[in-house]
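Asks: have a look; sequence and predicted model below, questions after that.
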Amino acid sequence: MTELDLSGLKCPLPVLRTRKALLALSPGERLKVICTDPLAGIDVPNLIRETGDVLEDQRDETAKISFVIRKAGPPT
């Protein structure tokens, strides 16, 4: 699993960097994203809906939000 620590970045950078990282993955690979921007809790799930990938886990911790995203394969 690839890990992307975006702590300290403000909107829209977490979503832009997450999108770029997802483009580099092969179908089935997973990406863990860590953010401190509270808006990421809304923006990253919206991005995943747009890309068609799978949000496997989202955790809101004290000062961080983490996401586990699985890269989807091409439509069948």
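Replies: Yep, that arrived. Please read these numbers as outputs of a predicted model, since none were measured by experiment. Numbers count the residues shown, from 1 in each chain.
Asks: quick one: contacts for residue 73?
Replies: By CB atoms under 8 Å, 6 or more residues apart in numbering, the contact list for residue 73 reads 27, 28. For the C-beta atoms, the positions are set from N, CA and C on the backbone; glycine is no exception.
Asks: which non-adjacent residue is nearest residue 52?
Replies: Once flanking residues are discounted, residue 52 sits nearest to residue 72: 5.1 Å by CB to CB, 6 or more residues apart in numbering.
Asks: tell me which element the nearest residue to residue 74 once chain neighbours are set aside falls in.
Replies: With CB to CB, 6+ apart as the criterion, residue 74 has its nearest non-adjacent residue at 7.1 Å, and that residue is residue 27. Counting by DSSP states H and E, no helix or strand carries residue 27.
Asks: quick check: pLDDT value at residue 27.
Replies: For residue 27, the pLDDT comes out at 95.
Asks: how many residues are close by the closest residue to residue 2 other than its chain neighbours?
Replies: Sequence neighbours aside, residue 31 is the residue nearest to residue 2 in space, at 5.1 Å (criterion: CB to CB, 6+ apart). When counting by other CB atoms under 10 Å, one arrives at 20 neighbours for residue 31.
Asks: now the element after whatever helix or strand residue 31 lives in, going C-ward?
Replies: Secondary structure from DSSP H and E places residue 31 in strand 30-35. Past strand 30-35, further along toward the C-terminus, the next helix or strand under DSSP H and E is helix 40-51.
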